[in-house]
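Student: no sequence for this one, just the structure:
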């Protein structure tokens with residue numbers, strides 16, 4: 001007897017047309033350069049299997065991940081030589097994996113440069129720190145023989161304050177221009193999503209958008225260009241009536257002032273819909289706003305069904321995940337709103 005897989009009560013369905021449109025728009029804004037794509041963290045939570053083929057077919061030819069463990073999933077859809085691993089080779093086994101898999105390491109230190117050369121060398125990328133002080137060699141280290149021995153495709157740096165009107169943006173750009181000229185390379189890359197919005201002076205040969213691909217708007221200049229990508233829905237599990245004086249959820253955080261009909265919905269903080277998103281927010285059904293009542297539980301929220309008396313258990317509600325707007329409702333950044341998406345929702 002064949003088992004029938006139960007239908008999920010959560011759905012994450014990225015808008016792939018919007019994703020492709022966002023990449024093309026960011027590519028156009030990259031001036032004489034081309035846009036790559038940051039696809040680390042499972043495409044910011046929206047799924048490598050869904051997103052990477054869309055980005056590839058839209059024209060993207062360079063993909064960035066953070067960990068070596070992210071390479072295999074991306075390499076199912078694009079040539080490994082198009083995948084850059086930002087954390088670089090931390091040991092000999094990383095070098096061996098890079099060589100066998102065909103992915104390209106980003107060298108972040110003199111130790112990594114020596115390690116890569118000693119393992120046989122080959123094509124690599126180079127991160128130079130111009131002020132964010134995370135990863136990358138110092139500008140003064142570009143003259144080191146270990147750097148001179150590298151076969152560098154992309155020389156890159158990372159902007160610290162691109163989402164702000166900060167003097168640091170110009171300072172980092174000027175530093176990057178000066179230091180990149182000291183290192184033989186094929187392509188230069190500085191701008192992330194927000195950096196693209198700073199204009200063509202920041203584009204160089206390759207930009208590295210991430211957040212904006214998936215619907216985030218890190219600078220106001222992108223607001224009319226970037227389209228929402230994440231679409232989340234959750235099913236109603238049960239409807240019930242409550243009386244005046246009855247409370248809802250943990251700590252009796254909501255108490256009814258009048259008789260009302262409420263619905264228990266299959267989404268909670270284990271799915272990335274965190275407790276701090278509950279107060280003052282709502283789910284929706286066919287354009288009708290259904291306020292959240294009480295605290296968000298691990299697997300459930302309760303909503304007020306006064307505006308939708310016709311809905312029943314099994315009906316689907318829209319969960320706000322337009323990260324350009326949701327980030328304004330909570331203390332979470334849009335990056336966090338995407339990457340905290342839980343596994344149950346991703347598999348739904």
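Tutor: The structure has been received and is ready for your questions. Remember, it's a predicted structure, so these values are computed and weren't measured experimentally.
Student: what's the most centrally placed residue in the chain in contact with, if anything?
Tutor: The centroid of the chain falls nearest to residue 44 when counting by C-alpha atoms, centre = their mean (2.6 Å). By C-beta atoms under 8 Å, 6 or more residues apart in numbering, the contact set of residue 44 is 38, 210-211, 213-214, 335, 338-339. Bear in mind the C-beta positions are built from the backbone N, C-alpha and C, glycine included.
Student: could you tell me how far residue 32 is located from residue 206?
Tutor: Between residue 32 and residue 206 the distance is 11 Å, computed by C-beta to C-beta, to the nearest Å.
Student: okay, these two: which has more neighbours?
Tutor: Set side by side, residue 32 and residue 206 show more neighbours around residue 206, with 22 against 8, by other C-beta atoms under 10 Å.
Student: hmm, the more buried one is touching residue 36, no?
Tutor: Yes - counting by C-beta atoms under 8 Å, residue 206 does reach residue 36; the two are 5.5 Å apart.
Student: now for these two: what residues contact both?
Tutor: Common contacts of residue 206 and residue 36 (C-beta under 8 Å, 6+ apart): 62, 189.
Student: where do the strands sit along the stretch 1-150 of the chain?
Tutor: Taking DSSP state E, counting those that start in this stretch as the criterion, the stretch 1-150 of the chain contains strands spanning 10-12, 34-35, 37-38, 63-65, 83-85, 104-107, 123-127.
Student: what is the mean pLDDT for the first one?
Tutor: Averaging pLDDT along strand 10-12 yields 92.
Student: again, but for the fourth one
Tutor: Strand 63-65 shows an average pLDDT of 98 in the prediction.
Student: so what are the sheet partners of that strand and their directions?
Tutor: strand 37-38 (parallel), strand 83-85 (parallel) (DSSP bridges).
Student: identify the residues contacting that strand?
Tutor: Contacts of strand 63-65 (C-beta under 8 Å, 6+ apart): 36-40, 52, 55, 71, 74, 78, 82-86, 208, 210.
Student: if you set the cut-off to 10 Å instead, what comes out?
Tutor: 36-43, 48, 52, 55-56, 70-71, 73-75, 77-80, 82-87, 103, 106, 125, 154, 156, 189, 192, 208-210 (C-beta atoms under 10 Å, 6 or more residues apart in numbering).
Student: nearest spatial neighbour of the residue nearest to the centre of the chain, skipping sequence neighbours?
Tutor: residue 338 (4.3 Å; C-beta to C-beta, 6 or more residues apart in numbering).
Student: by mean pLDDT, which helix or strand of this protein comes out lowest?
Tutor: helix 323-329 (a mean of 69; mean pLDDT, DSSP states H and E).
Student: domain map for this protein?
Tutor: Annotated domains of the chain cover 11-222, 232-320 [automatic domain parsing].
Student: and among those domains, the most buried is which?
Tutor: Here the criterion is mean neighbour count by mean count of other C-beta atoms under 10 Å, and of the domains of the chain the winner is domain 11-222, at a mean of 20.
Student: quick one: end-to-end length of it, please.
Tutor: 28 Å (C-alpha to C-alpha, to the nearest Å).
Student: just stretch 9-23 next, same as before
Tutor: Note: stretch 9-23 ends 31 Å apart using C-alpha to C-alpha.
Student: low-confidence regions, the stretch 51-200 of the chain specifically.
Tutor: Within the stretch 51-200 of the chain, no range satisfies pLDDT under 70.
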